[in-house]
Structures are given as C-alpha cells and as structure tokens.
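**Student:** here you go, sequence then predicted model.
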Amino acid sequence: MTKEKDVPAIHLTDNFHQAMKFANKMHKDSARKSTSIPYICHPIGVASLVIEAGGDEEQIISALLHDVAEDCGGEKALKKIRKKFGPRVERIVRGCSDSLTEDPDKKDPWKIRKENHIKHLKTADADVLIVTAADKLHNARSIVTDLQIHGEELWERFNSDKDSIFWYYKEIFNTLEAKQVTPVLLVPLKNAIDMMQGSYERGPKDKKQEVVLTPLPKDKKISEMSQEELLEFATSIRGAVKRSS
C-alpha cells in the first residue's frame, strides 16, 4: 500500500516574504542581548513556532513583526505595519508590545512594563496569546541553552535579577495556561522554565527506553503534570519515536 503524501497545513503567500523583508530591515542594526547574533533570528524563530502551533498567515506575520513597535519606533512603526499588512496584524503586534515609546531608551522600568503586560494578557484574544506564547518559548529556550554554556554569569545580561525573571516567566505561563493556549507551545515552555530553575530531571545516559505515548489528560492542567507526563506528551505531538535518555 502506498503511503499517503504529507500535505502542509498552510501555504504562505508573498505577504509573508514581504513581512520577512520588513522585519529584517527594521532589526538590521540590532543583536540579541549581550551577543553579536543578529536579532532577526528571534522573530524568525517565533514565527516558526507559530507555524508549528497551527497559526494562520496573519498570526505568523505578526510573529515576525512582534518586536518592531516595541524596539523600532512605537506608534510610528505600528502605522507602517497597519499600512503594509493590515489592521489585524497591527492589533496583534500592539498586543504583544510592553512599550510603545518611540525611543527605546525611554521605556518604563522593567518590572512596571512586565506587570502591565501580564495584566493585559489576561484579557487578550487568541491572536495575541499564540504569538506571545511562541515569543516566550523561544526566549526561554535561548536562556536554557545559554545557561548550559555560560552558567550563572548569563543573568548579568538582563535588566533585572534572576528571581524577577523567574517570577515573570511563571506569571506568563500561568496566564497563558488559564487562557488555554495550545499545549504545543505550553508544554515546552513549562519544561524550559523548569530547566531555567534547575528542576529538570534527566534520565540515566546509558539507559535506552522506548517512549510510551499518552494523550494530554483532559482533567489536569499542564502545571500539575509531572516531568515524565510532560515529556511523554511533548513527544506524542510529533509521533512515536525511540530515543536514548
């Protein structure tokens, strides 16, 4: 029997390519915090996660542009986004921004911005939530990777202390979970937060195991699941595999 060919869930149009060009232009002189990595890698990564989570093209475009207003001109940048990509994209980008000052150096203090943004997310719609979840997941994974490479000195890069950063990610996760954002994003976000705090448990390196796939329990929140349950479900998203742990 011939295996049925896999078909992509979405075909991206020229609007996506135009958004990529626009995002690259707006971020061309920026790098990831305390590195020489071009900043554009972050919005590209966020857009990729939105695609994997089943987002539509305007959500994906919004992911590419989600930091443009916050870091590249505030309201003036939003007007350009609305003109080029429409009111829905402009609304999503606005909802993902914790500051809209034209000069990034004149933003409110970190804690005030984060508290206000969390408050806003509690009434945000699904468009803003899926992009926000992808944004936080990409950032959390980057933090975990850098922690493994650079250790505790990583925290010196940030505008706040380690405990405040943990607080922020926990509050974001709890808000997104309460809003029932897709587990495709929330499960790996929860794992990344646990790893940031050093509570991630690894299996023995010399023991091979077959992953037993189980569905996400309908009566249990992601935050209530054990690491084993989270890992099993994260694996089940992409099908049965064998791995070494």
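**Tutor:** Ah, there it is. Numbers count the residues shown, from 1 in each chain.
**Student:** going forward, measure contacts and count neighbours with C-alpha atoms only.
**Tutor:** Will do.
**Student:** neighbours of Ala124, how many?
**Tutor:** Ala124 has 16 neighbours, counted by other CA atoms under 10 Å.
**Student:** select the longest helix from this structure.
**Tutor:** In the chain, assigned by DSSP state H, the helix with the most residues is helix 126-150.
**Student:** which of the residues in that one are buried?
**Tutor:** Within helix 126-150, the residues scored as buried using 16 or more other CA atoms under 10 Å are 126-141, 143-144, 146-147.
**Student:** tell me the helix or strand right after it.
**Tutor:** Using DSSP states H and E, the next helix or strand after helix 126-150 towards the C-terminus is helix 162-178.
**Student:** now the very next helix or strand once past that next one against helix 126-150, angle please.
**Tutor:** The first helix or strand that comes after helix 162-178 along the chain, using DSSP H and E, is helix 183-196. If you take axes from the mean of the first three to the mean of the last three CA atoms, to 10 degrees, helix 183-196 sits at 30 degrees to helix 126-150.
**Student:** mind giving me the packing neighbours of helix 183-196?
**Tutor:** helix 126-150, helix 162-178, helix 227-236 (3 or more CA pairs under 8 Å, 6 or more residues apart in numbering; DSSP states H and E).
**Student:** which among the ones you listed is found nearest to Asp6?
**Tutor:** Checking the helices and strands packed on helix 183-196 against Asp6 by CA to CA gives helix 227-236 as the closest, at 17.6 Å.
**Student:** list the contacts of the residue nearest to Pro38 when sequence neighbours are not counted.
**Tutor:** Leaving aside its sequence neighbours, Pro38 sits nearest to Ala31 (CA to CA, 6 or more residues apart in numbering; 4.5 Å). Contacts for Ala31 (CA atoms under 8 Å, 6 or more residues apart in numbering) come out as 37-40.
**Student:** thinking again about what came up before, where among the helices and strands packed on helix 183-196 is the average confidence lowest?
**Tutor:** For those, mean pLDDT drops lowest on helix 227-236, to a mean of 64.
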